[in-house]
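S.K.: this one's structure only:
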Ligand SMILES: NC(=O)C1=CN([C@@H]2O[C@H](COP(=O)(O)OP(=O)(O)OC[C@H]3O[C@@H](n4cnc5c(N)ncnc54)[C@H](O)[C@@H]3O)[C@@H](O)[C@H]2O)[C@@H](O)CC1
Ligand SMILES: Nc1ncnc2c1ncn2[C@@H]1O[C@H](COP(=O)(O)OP(=O)(O)O)[C@@H](O)[C@H]1O
Ligand SMILES: [K+]
């Protein structure tokens, strides 16, 4: 699999392992990195009148010296601007020696329209804010095309945060695998197109590093995507129960229910308080409806209908009732009651803000149904206030810490949704679209997750698949999207995935 994401520290480890395994040494890797960047510059900007290469003091700068030399040898008019000296004896120092171009101080950097900037100031080793000459260079480069080496200088490879200021690249050429900073916001916005270049660090080396972070792509979960068997019947395809709010807040549950049905659940039941039965009944056709006003109704439904997963939260209201219902579902055994999982969203999450440990304990029972929580930033802060406030943690690290504490799969939503499992695995989603920022879009996501859980997908894989499918549907639909459109917009995405799944050799 090539969708592993490596932290800068893991990339450093891959570097060391690759050098130890040979045949390339550190300078050999740097040479390959520089060749990759020079190749991108030559193929993408054949008409650039001049290329300004900005080199920092570390290995990122070392890559820059290789780029400058290779472009110069190809007949490109190159100007080299330097900030800091490479450490004596380092690979970067060798690269600097081999580059015979005149060096100018970055403090004097000027660039004319029609030229291109190669940013090789800082990459994985960025350790403090960009200031002074470097910050000034960012301003000058703002009106020119920029190719960044590894990362746009100023973007943290770990978190995607911007340290002081950062270059805005048109193309970022990184090496071996993406880093979290390429996928998490705001870094992702600064990278432009990302080219991942092979510099000779093989898949075997990456496997040894054993990163637990992935870019969320279908290859990661396609094998588990449910396709009904020839002899399927509706209950074999899983039964999803969606708890509805009161009479003036029923739409969210119906959106989740419809999405669950479109996502392959064989049967879906909206579980409604008595006073909302009429309004729910008026809007439901293939989806079933059952009066579920009190906890006894929940127990009765759990006992006789064998629902395989539940959604609780959308439009439900905050309070005791949400907690009691959620805990009743989590108290079932996964095997005997057949409850695979609970998707806790929106009000369901907020309801546990002062009793988080009760929820986490219930989810930690060995045979409890899987708990999948889908907080946006506000909801995340209510359930995990200390983690949310910890400025030293990236969004990735926050989602991971929350999942471990809650013993749940946590989908930390947003434009850069992170999905984290209690075992430390995490995926960063990258196919989202701004059109998804519309009321009710999260309710649809909850329904998709529940459907995949009900069909037997494991929780982390179901969560990753649902996030990708939801984002893809929104991206393809584009402008004008409202949440009501999303369930139907899932259909072409699901069709392609099912076809790919059936073609896959492992499927
Ligand atoms: N790890 C690998 O496998 C490979 C890494 N390569 C390159 O090596 C880079 C990492 O090299 P380094 O670890 O030397 O790190 P960098 O070159 O990113 O920066 C390290 C140096 O910059 C200084 N520095 C950091 N932030 C600063 C700031 N804001 N202002 C002023 N000085 C600052 C540090 O004190 C240190 O001297 C990667 O980004 C990549 O470009 C490539 O050569 C290919 C192979
Ligand atoms: N700018 C954006 N880009 C990509 N996805 C987004 C963006 N804004 C929101 N989303 C996605 O849309 C959904 C919104 O969910 P949520 O915040 O719960 O809204 P609601 O409660 O109205 O349904 C989430 O899946 C989120 O990741
Ligand atoms: K850089």
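M.R.: Perfect, I can see it now. If you're wondering where the values come from, they're calculated on a predicted model, not measured in any experiment. Ligands and ions are numbered 1, 2, ... in the order given.

S.K.: C-terminal to the least confident helix or strand in the chain by mean pLDDT, what's the next element?
M.R.: Least confident helix or strand, the chain: helix 295-304 with a mean of 92, by mean pLDDT, DSSP states H and E. Downstream of helix 295-304, the first helix or strand assigned by DSSP states H and E is strand 309-312.

S.K.: where are the low-confidence patches of the protein?
M.R.: Under the criterion pLDDT under 70, the flagged ranges of the chain are 1, 305, 336-337, 505-507.

S.K.: near ligand 1, which residues of it show up?
M.R.: Residues of the chain that fall close to ligand 1, judged by CB under 6 Å from any ligand atom: 11-12, 14-15, 29-30, 33, 56-63, 122-130, 149-150, 175, 199. To be clear about C-beta, it is placed using only N, CA and C from the backbone, and glycine gets the same treatment.

S.K.: Now, the residues you listed that are in strands?
M.R.: 149, 175 (DSSP state E).

S.K.: Just the buried ones from the residues of the chain next to ligand 1?
M.R.: 11, 14-15, 29-30, 33, 56-63, 122-124, 126, 130, 149-150, 175, 199 (16 or more other CB atoms under 10 Å).

S.K.: quick one on the thing from earlier: filter the residues of the chain next to ligand 1 to keep only those in contact with ligand 3.
M.R.: 123, 149 (CB under 5 Å from the ion).

S.K.: Where does the stretch 151-300 of the chain get nearest to ligand 2, which residue?
M.R.: Closest contact between the stretch 151-300 of the chain and ligand 2, by CB to the nearest ligand atom, is at residue 252 (7.2 Å).

S.K.: in terms of contact, does that residue touch residue 346 like I think?
M.R.: Yes - look at residue 252 against residue 346 with CB atoms under 8 Å: they come within range, at 7.3 Å.

S.K.: so what sits against both of those two?
M.R.: 314, 315, 316, 443 (CB atoms under 8 Å, 6 or more residues apart in numbering).

S.K.: Nearest to ligand 3, out of the residues you listed: which one, please.
M.R.: Lowest distance from ligand 3 to those (CB to the ion) belongs to residue 443, with 40.8 Å.

S.K.: list the contacts for the residue nearest the centre of the chain?
M.R.: In the chain, the C-alpha closest to the average C-alpha coordinate belongs to residue 428, at a distance of 1.8 Å (CA atoms, centre = their mean). Counting by CB under 8 Å, 6+ apart, residue 428 touches 5, 180, 183, 184, 213, 214, 215, 216, 396, 416, 417, 418.

S.K.: picking up where we left off before, please convert the shared contacts of residue 252 and residue 346 to JSON lines, extending it with neighbour count.
M.R.: Formatted as JSON lines, these follow (neighbours: other CB atoms under 10 Å):
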{"residue": "314", "neighbour count": "31"}
{"residue": "315", "neighbour count": "23"}
{"residue": "316", "neighbour count": "27"}
{"residue": "443", "neighbour count": "27"}
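
S.K.: can you list these in JSON lines and add distance to residue 504 and secondary structure?
M.R.: Below are the shared contacts of residue 252 and residue 346 laid out as JSON lines (distance: CB to CB, whole Å; DSSP: H, G, I helix; E, B strand; the rest coil):
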{"residue": "314", "distance to residue 504": "33", "secondary structure": "coil"}
{"residue": "315", "distance to residue 504": "38", "secondary structure": "coil"}
{"residue": "316", "distance to residue 504": "38", "secondary structure": "coil"}
{"residue": "443", "distance to residue 504": "31", "secondary structure": "helix"}
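
S.K.: Now narrow those to whatever sits close to ligand 2.
M.R.: Answer for the shared contacts of residue 252 and residue 346 near ligand 2 (CB under 6 Å from any ligand atom): residue 443.

S.K.: Of all pairs in the shared contacts of residue 252 and residue 346, which one spans the longest distance?
M.R.: Spanning the widest gap among the shared contacts of residue 252 and residue 346 are 316 and 443, at 10.5 Å by CB to CB.

S.K.: Find the residues that touch each one of these two.
M.R.: 252, 253, 346.

S.K.: Now residue 18, what are its backbone angles?
M.R.: In terms of degrees, to the nearest 10, the main-chain angles of residue 18 are phi -70, psi -40.

S.K.: quick one, what contacts the closest residue to ligand 2 within the stretch 201-350 of the chain?
M.R.: For the stretch 201-350 of the chain and ligand 2, the shortest gap (CB to the nearest ligand atom) falls at residue 346, measuring 5.6 Å. Shown in contact with residue 346 (CB under 8 Å, 6+ apart): 252, 313, 314, 315, 316, 374, 379, 442, 443, 446.

S.K.: And the second one, how far from residue 17?
M.R.: By that I understand residue 313. For residue 313, the distance to residue 17 (CB to CB, to the nearest Å) stands at 44 Å.

S.K.: Comparing those two, which residue is more hemmed in?
M.R.: The neighbour comparison of residue 313 against residue 17 (other CB atoms under 10 Å) goes to residue 313, with 34 against 16.

S.K.: which element is the residue lying closest to the more buried one once chain neighbours are set aside on?
M.R.: In space, and not counting its chain neighbours, residue 313 is closest to residue 348: 2.9 Å by CB to CB, 6 or more residues apart in numbering. Take DSSP H and E as the rule and residue 348 turns out to sit in helix 346-350.

S.K.: ok, and for that helix, which residues are buried?
M.R.: 346, 347, 348, 349, 350.

S.K.: what do you get for stretch 494-505?
M.R.: So for stretch 494-505, counting by 16+ other CB under 10 Å, buried means 494, 497, 498, 501.

S.K.: Which ones among those residues also lie next to ligand 2?
M.R.: Answer for the buried residues of stretch 494-505 near ligand 2: none qualify (CB under 6 Å from any ligand atom).

S.K.: so which of the residues you listed comes closest to ligand 2?
M.R.: So of the buried residues of stretch 494-505, ranked by how close each gets to ligand 2 (CB to the nearest ligand atom), first place is residue 494, at 17.2 Å.

S.K.: so what does the helix or strand where the closest one lies touch, helix or strand wise?
M.R.: Here residue 494 sits within helix 486-503, counting by DSSP H and E. Under the contact criterion of 3 or more CB pairs under 8 Å, 6 or more residues apart in numbering; DSSP states H and E, helix 486-503 touches helix 251-262, helix 441-454, helix 459-477.

S.K.: For residue 335, grab the count of nearby residues.
M.R.: Neighbours around residue 335, by other CB under 10 Å: 8.

S.K.: Please name the nearest non-neighbouring residue to it.
M.R.: residue 367 (6.5 Å).

S.K.: same check, this time on residue 401
M.R.: Per CB to CB, 6+ apart, closest to residue 401 is residue 387, 4.9 Å.

S.K.: The one you found is in what secondary structure piece?
M.R.: helix 385-389.

S.K.: Any part of whatever helix or strand comes next after that helix near ligand 2?
M.R.: Using DSSP H and E, the next helix or strand after helix 385-389 towards the C-terminus is helix 395-406. No - Helix 395-406 stays clear of ligand 2 (CB under 6 Å from any ligand atom), getting no nearer than 11.8 Å.
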